[in-house]
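A.B. asks: no sequence on this one, just coordinates:
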């Protein structure tokens, strides 16, 4: 059975024109699936340093710095202290690689606080050492 595209009535197979309204009967191909654009957001903490290096090689330093600083701000809202600390520490290393030592030290200090609060003494000590090393290697102000 063929359905008339104009009046919607069903007609027997073999008819070339609708028996009700005389409109031409054309076999319509089955409807195609419609594809939709989807935006996916994900966070990959592992490999963030390598991402920073790739972006730097592609002359996208400013964008990488902006994204790292924005990501640090986003971690402020999480209740997972060690996760926040890990994020800040990883991002501070990216910022330091781009020469933003002051901002990197600030992010590392944010990483130290949760480690210290949770009693994660190994990570806290590692971050303290890192901060001191970065302070000593930072160019003098002025």
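C.D. replies: Yep, that arrived. Not measured: the values here are computed from a predicted model.
A.B. asks: Could I get the full set of strands for this structure?
C.D. replies: 2-3, 10-11 (DSSP state E).
A.B. asks: For this structure, which residues score under the pLDDT cut-off?
C.D. replies: 27-31, 38-61, 73-82, 139-142 (pLDDT under 70).
A.B. asks: what about 90?
C.D. replies: 1-6, 8, 10-19, 23-128, 130-131, 134-142 (pLDDT under 90).
A.B. asks: what number of residues lie near residue 68?
C.D. replies: Residues near residue 68, counting by other Cβ atoms under 10 Å, number 25. Bear in mind the C-beta positions are built from the backbone N, C-alpha and C, glycine included.
A.B. asks: Over to residue 126?
C.D. replies: Residue 126 has 15 neighbouring residues, counting by other Cβ under 10 Å.
A.B. asks: and what of residue 5?
C.D. replies: 12.
A.B. asks: before we move on, the earlier item: residue 35 is nearest to which of the strands of the chain?
C.D. replies: Between residue 35 and the strands of the chain, the tightest spacing by Cβ to Cβ is seen for strand 2-3, at 26.0 Å.
A.B. asks: hmm, who's touching the closest one?
C.D. replies: 9-13, 15, 25, 27 (Cβ atoms under 8 Å, 6 or more residues apart in numbering).
A.B. asks: cutoff 7 Å now
C.D. replies: By Cβ atoms under 7 Å, 6 or more residues apart in numbering, the surrounding residues in contact with strand 2-3 are 10-11, 13, 15, 25, 27.
A.B. asks: What about residue 7, how many residues nearby?
C.D. replies: Neighbour tally, residue 7, other Cβ under 10 Å: 12.
A.B. asks: Tell me the buried residues within the contacts of strand 2-3.
C.D. replies: Neighbour-count burial (16 or more other Cβ atoms under 10 Å) is assigned, among the contacts of strand 2-3, to 11, 25.
A.B. asks: which of the contacts of strand 2-3 lies closest to residue 138?
C.D. replies: residue 27 (75.0 Å).
A.B. asks: Stretch 83-95: which residues count as buried?
C.D. replies: Residues 84-95 are the ones in stretch 83-95 that count as buried (16+ other Cβ under 10 Å).
A.B. asks: With stretch 112-128 instead?
C.D. replies: Buried positions in stretch 112-128, judged by neighbour count with 16+ other Cβ under 10 Å: 112, 114-116, 120, 123-124, 127.
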